[in-house]
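K.L.:
Give me a model of this one.
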Amino acid sequence: MSAPDDVARMLTLVPWVLHRPGASHAEIADAFGVDVATVRRDLEHLDFCGLPGLGGGDLFEVTTVGDRVVLRMADELARPLRPTAREAMRLVLTVDAVADLLDEELPALRSAVTKVRAALDIPESTADVVGSDGPGTRSTLRDAVRDGRRVRLAYQGRTDPEPMDREVDPWALHVVDGSWYLQGHDHGADDRRTFRLDRIASVEATETPVRVLAPDHLEPPRYVPGDDDLVVVLDVSPRGRWLEDALAVDAVEEQEGGGARLELRTDAPGWLARLVLMAAGEATVVSPPSLAEEVAATAQAALAWYEPDAAAW
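P.N.:
Modelled structure (predicted):
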């Protein structure tokens with residue numbers, strides 16, 4: 001197994017053993033599909049894991065009596081999570097976005113959103129997820145994927161002067177870099193295609209069953225730059241360099257003080273504008289001016305929601 005596989009298994013192993021004190025090496029090995037030697041090695045590694053300081057109370061404590069294992073959390077990790085306001089808002093918005101797509105298949109998720117909002121004291125009116133494609137499009141496509149029904153799209157591709165009619169056997173919905181995509185078989189092209197949901201003008205589920213099934217292994221869509229994509233230059237501070245990992249960057253120019261100038265291409269300027277705003281002043285649009293204007297307009301629209309409250313003060 002690879003190192004990422006080992007780390008992923010150990011991250012899952014910790015809560016599993018915490019909830020099953022006294023589990024045997026054989027039971028753990030059977031649950032994770034590995035041999036007993038691997039379980040013993042993982043537990044030995046956990047003895048050296050914890051929080052900086054690595055003193056008493058900072059590390060996991062693994063106790064083995066005979067063949068039975070008891071795991072105790074580091075003191076700080078055992079305390080209830082206290083997220084910052086920004087972390088709490090991101091958590092709520094993320095869960096809201098997933099629940100918007102899956103609430104019928106996973107009703108417990110909608111209940112979880114309500115509990116998270118209540119625990120973090122975030123009212124329903126404080127934040128909501130808004131997508132340019134609209135929840136109706138996602139809901140219709142989600143149902144068509146689930147029921148195995150063909151859909152009829154009015155879709156405007158990169159080079160289309162206006163939306164064109166397409167008949168598609170839908171396979172899967174994915175979200176990549178903030179944009180939703182549909183993968184399926186386009187009967188007009190008689191080939192596999194990927195469709196961005198914000199380019200769908202209308203969608204209709206038909207009663208025709210899917211004829212072309214999805215392949216056994218369906219890779220998520222990936223961004224492939226096009227000739228008409230926007231070329232963007234961003235200046236980021238040292239604290240804003242996380243954008244290098246969040247974006248498909250073509251070039252990085254180091255700058256004095258630890259910052260950098262990033263050059264990239266995008267076909268989703270709206271999403272990129274929101275990402276720049278998330279950097280909270282640690283990223284600046286150098287070019288094109290149209291993107292800088294969109295960032296400013298998005299920020300002004302967000303501030304407008306607070307104007308009634310500001311007036312009350």
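K.L.:
what does stretch 208-219 contact?
P.N.:
Judged by C-beta atoms under 8 Å, 6 or more residues apart in numbering, the contacts made with stretch 208-219 from elsewhere in the structure are 148-150, 169-172, 183-185. (C-beta placed from N, C-alpha, C; glycine too.)
K.L.:
doesn't residue 235 make contact with residue 255?
P.N.:
Yes. With contact defined as C-beta atoms under 8 Å, residue 255 and residue 235 form a contacting pair (7.2 Å).
K.L.:
Which of those two has more residues huddled nearby?
P.N.:
In this comparison of residue 255 against residue 235, neighbours counted by other C-beta atoms under 10 Å, the higher total goes to residue 235 at 16 against 13.
K.L.:
In this structure the more buried one contacts residue 259, no?
P.N.:
Yes. Between residue 235 and residue 259 there is a contact under C-beta under 8 Å: 6.6 Å.
K.L.:
Break down the stretch 201-313 of the chain into its helices, ranges please.
P.N.:
Assignment of helices within the stretch 201-313 of the chain using DSSP state H, counting those that start in this stretch yields the ranges 243-246, 269-278, 289-304, 307-312.
K.L.:
Can I get these in JSON lines including mean pLDDT, mean neighbour count and distance to residue 162?
P.N.:
Formatted as JSON lines, the entries for those read as follows, by pLDDT from 0 to 100; neighbours: other C-beta atoms under 10 Å; distance: least, C-beta to C-beta, whole Å:
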{"stretch": "helix 243-246", "mean pLDDT": "82", "mean neighbour count": "14", "distance to residue 162": "33"}
{"stretch": "helix 269-278", "mean pLDDT": "86", "mean neighbour count": "18", "distance to residue 162": "20"}
{"stretch": "helix 289-304", "mean pLDDT": "89", "mean neighbour count": "13", "distance to residue 162": "22"}
{"stretch": "helix 307-312", "mean pLDDT": "51", "mean neighbour count": "8", "distance to residue 162": "37"}
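K.L.:
number of nearby residues for residue 145?
P.N.:
Other residues within reach of residue 145 by the criterion other C-beta under 10 Å amount to 21.
K.L.:
Tell me which strands the longest strand anywhere in the chain pairs with, and in which orientation.
P.N.:
With DSSP state E applied, the strand covering the greatest number of residues in the chain is identified as strand 164-176. For strand 164-176, sheet partners with direction are given as strand 149-155 (antiparallel), strand 179-186 (antiparallel), following DSSP bridges.
K.L.:
Alright, calling it a day.
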